[in-house]
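[1] Quick one: sequence plus predicted model below, questions after.
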Amino acid sequence: MLDIKFLRTNPDIVKENIKKKFQDEKLPLVDEVIELDKKSREAKQKGDELRAQRKALSKQIGKWIASGEVANGEEGKVRLAAEQAKLDEEMEALGKSEAELEAKVREIMMVIPNIIDPSVPIGKDDSENVENERFGDPFVPDFEIPHHEDIMKKLAGIDKEAAGRTSGNGFYYLSGDVARLHSAVLSYARDFMIGRGFTYFIPPYMIHSNVVKGVMSFKEMENMMYKIEGEDLYLIGTSEHSMIGKFIDTILPEDTLPQTLTSYSPCFRKEVGAHGIEERGVYRIHQFEKQEMIVVCKPEESPKWYDIMWKNTVDFFRTLDIPVRTLECCSGDLADLKVKSCDVEAWSPRQKKYFEVGSCSNLGDAQSRRLQIRVQGADGRKYLPHTLNNTVVAPPRMLIAFLENNLNEDGSVRIPVALRPYMGGQEVIPVPAAK
């Protein structure tokens, strides 16, 4: 969410940013919110004047009563009481008007997109995202690689049919070595990030609506979040939601920055509007697990942390012998709160192309402003920190890349050296003998 003061003094910049994001339908909102903000400030000024009059009148009445003065008699009492009642009535009406105007201003400000970084490429949608850099050489073996679900089935590691009976489409059972591999990847990701100086967290898996509205756009909320019936609680779609929410309504001492956190959680997503929820395999599902990284830092340090964070994910995947690339998200593909974002994509030797396995985002001070997260500077000044988030790894989607890139011709799967301690020293996942 933008600062209303910035919008008030820079409406043309805000409008140009909206155009760069190809959201021209939002252009009238800029003038509308400026007019509402003007009325809101006028109402507040009038309210302050009425409160001052009310205070002066109360003081006058207090003096009159204390002095025992009766010169004004009953007529004076009635007159002063009437003035007081009139002021109270005006203040009550004005107070409602102030609250309504402030709510309307905030509602509109919540949907006006954040100002994108100058380095962001301009494009309408994800088809215009720009490749940044490749890490590792994409490799296609001289044998055919089956679909990842068939690889898992051959390893006796997945049952979507049973999950369909218990839970419906978009769910799965993992078992045996595949289930162990899933857990091993998460355990390795935890220790990998701890080794990079991040503090490990397990957060709440449900959050209040005010936190949801603070960390994401309305469109994302509608398409992603599961609401707990009868409760002001939502299941998280990623642990970023809980971890940024951890700081709601707090003032952080500047010497505690940067806050570098890594968190594990299950994630739940409705995937409304997503294509392929019923497709084979585990690429798009309603439930998965993820290791995330979150940073809260000084504004001037967020570009540096952005680069550190996506590089952490690249390094993680390379230790597992998976080629990856980074893809710069264009303006039209950025969620409204984001200043800058890049996807990390893993190589699929079966499809002979890259696919998304995570994303790194700098949200500037948008989440901090929504959640009232502030920093107390050494000089006593308070300011809003920047927040960033990035996926370390999100199996089982990541398992697609892992299985394809480490598959042997006989259907067994090689375990990279870095992961072997988490698999009990196992060097290969064998194909179970036929029963």
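    Now that the structure is in, tell me what you want to look at. Predicted model only: the values in this text are computed from it and were never measured.
[2] now the chain, which segments are flagged as low pLDDT?
    50, 54, 57-84, 87, 89, 94, 218, 272-279, 435 (pLDDT under 70).
[3] Apply 50 and report the result again.
    Applying pLDDT under 50 to the chain flags the ranges 70, 276-278.
[4] and residue 294, that one's in a strand?
    Yes: applying DSSP: H, G, I helix; E, B strand; the rest coil, one finds residue 294 inside a strand.
[5] How many neighbouring residues does it have?
    Per other C-beta atoms under 10 Å, the neighbour tally for residue 294 reads 26. For every residue, glycine as well, the C-beta is placed using N, CA and C.
[6] likewise residue 225?
    20.
[7] Would you check how far apart it and residue 238 are?
    11 Å (C-beta to C-beta, to the nearest Å).
[8] now residue 354
    The value you get for residue 354 to residue 238, if C-beta to C-beta is used, is 21 Å.
[9] Now for the residue lying closest to residue 328 once chain neighbours are set aside: which residues touch it?
    Spatial nearest neighbour of residue 328, chain neighbours left out: residue 130 (4.5 Å); criterion: C-beta to C-beta, 6 or more residues apart in numbering. If you count contacts by C-beta atoms under 8 Å, 6 or more residues apart in numbering, residue 130 has them with 121, 123, 327-328, 330.
[10] Filter those down to the buried ones, PyMOL style.
    Entered in PyMOL, the line below selects the buried ones among the contacts of residue 130, by 16 or more other C-beta atoms under 10 Å:
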select buried, resi 123+327+328+330
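[11] Looking at the contacts of residue 130, which are in helices?
    Among these, no residue falls in helices (DSSP state H).
[12] Specify which member of the contacts of residue 130 is nearest to residue 384.
    Nearest to residue 384 among the contacts of residue 130, counting by C-beta to C-beta, is residue 328 at 25.4 Å.
[13] distance of the closest one from residue 121?
    From residue 328 to residue 121 the distance is 6 Å (C-beta to C-beta).
[14] Residue 290 now?
    27 Å.
[15] returning to what we had before: now tabulate the contacts of residue 130 in JSON lines and tack on distance to residue 30.
    Output for those, formatted as JSON lines (distance: C-beta to C-beta, whole Å):
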{"residue": "121", "distance to residue 30": "24"}
{"residue": "123", "distance to residue 30": "22"}
{"residue": "327", "distance to residue 30": "30"}
{"residue": "328", "distance to residue 30": "27"}
{"residue": "330", "distance to residue 30": "22"}
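[16] ok, the contacts of residue 130 vs residue 376, which is closest?
    residue 328 (34.7 Å).
[17] Please settle this for me: is residue 322 part of a helix?
    No: per three-state DSSP, residue 322 lies outside any helix segment and is coil.
[18] Pretty sure residue 415 sits against residue 424.
    No: counting by C-beta atoms under 8 Å, residue 415 stays clear of residue 424, with 9.9 Å between them.
[19] Which of the two has more residues huddled nearby?
    Neighbours were counted for residue 415 and for residue 424 using other C-beta under 10 Å; residue 415 has more, 22 against 9.
[20] Tell me the buried residues in stretch 382-397?
    Residues 384-397 are the ones in stretch 382-397 that count as buried (16+ other C-beta under 10 Å).
[21] Can you pick out the most distant pair from those residues?
    384 and 396, at 36.6 Å, using C-beta to C-beta across the buried residues of stretch 382-397.
[22] What segments of the stretch 201-350 of the chain are strands?
    For the stretch 201-350 of the chain, strands defined by DSSP state E, counting those that start in this stretch occupy the ranges 206-207, 226-227, 234-235, 251-253, 259-268, 287-297, 324-328, 340-348.
[23] Format those as JSON lines; extra columns: distance to residue 245.
    Listed next are these as JSON lines, based on distance: least, C-beta to C-beta, whole Å:
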{"stretch": "strand 206-207", "distance to residue 245": "5"}
{"stretch": "strand 226-227", "distance to residue 245": "16"}
{"stretch": "strand 234-235", "distance to residue 245": "11"}
{"stretch": "strand 251-253", "distance to residue 245": "14"}
{"stretch": "strand 259-268", "distance to residue 245": "11"}
{"stretch": "strand 287-297", "distance to residue 245": "11"}
{"stretch": "strand 324-328", "distance to residue 245": "28"}
{"stretch": "strand 340-348", "distance to residue 245": "20"}
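[24] Ok, which of the ones you listed comes nearest residue 95?
    strand 251-253 (27.4 Å).
[25] Show me what that closest one is packed against.
    Judged by 3 or more C-beta pairs under 8 Å, 6 or more residues apart in numbering; DSSP states H and E, the packing partners of strand 251-253 are strand 374-376.
[26] got the contact list for the strand it packs on?
    250-254, 257, 298, 368, 382-385.
[27] Mind putting those residues into JSON lines with distance to residue 161?
    Compiled in JSON lines, the contacts of strand 374-376 are given as follows (distance: C-beta to C-beta, whole Å):
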{"residue": "250", "distance to residue 161": "47"}
{"residue": "251", "distance to residue 161": "53"}
{"residue": "252", "distance to residue 161": "49"}
{"residue": "253", "distance to residue 161": "54"}
{"residue": "254", "distance to residue 161": "55"}
{"residue": "257", "distance to residue 161": "50"}
{"residue": "298", "distance to residue 161": "52"}
{"residue": "368", "distance to residue 161": "46"}
{"residue": "382", "distance to residue 161": "56"}
{"residue": "383", "distance to residue 161": "54"}
{"residue": "384", "distance to residue 161": "50"}
{"residue": "385", "distance to residue 161": "48"}
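[28] Okay, and which of those map to helices?
    residue 368.
[29] who's in contact with residue 430?
    Under the criterion of C-beta under 8 Å, 6+ apart, the neighbours of residue 430 are residue 412.
[30] Next, it: phi, psi?
    phi -80, psi 160 (degrees, to the nearest 10).
[31] Distance of it relative to residue 97?
    Counting by C-beta to C-beta - residue 430 and residue 97 are separated by 73 Å.
[32] so which two of the contacts of residue 130 are the farthest from each other?
    123 and 327 (11.5 Å).
[33] Can you give me the neighbour number for residue 153?
    15.
[34] How about residue 300?
    Residue 300, neighbours per other C-beta under 10 Å, totals 8.
[35] how close does it get to residue 135?
    Applying C-beta to C-beta to residue 300 and residue 135 gives a distance of 28 Å.
[36] go on, residue 408?
    23 Å.
[37] do the same with residue 1
    Counting by C-beta to C-beta, the gap from residue 1 to residue 135 is 35 Å.
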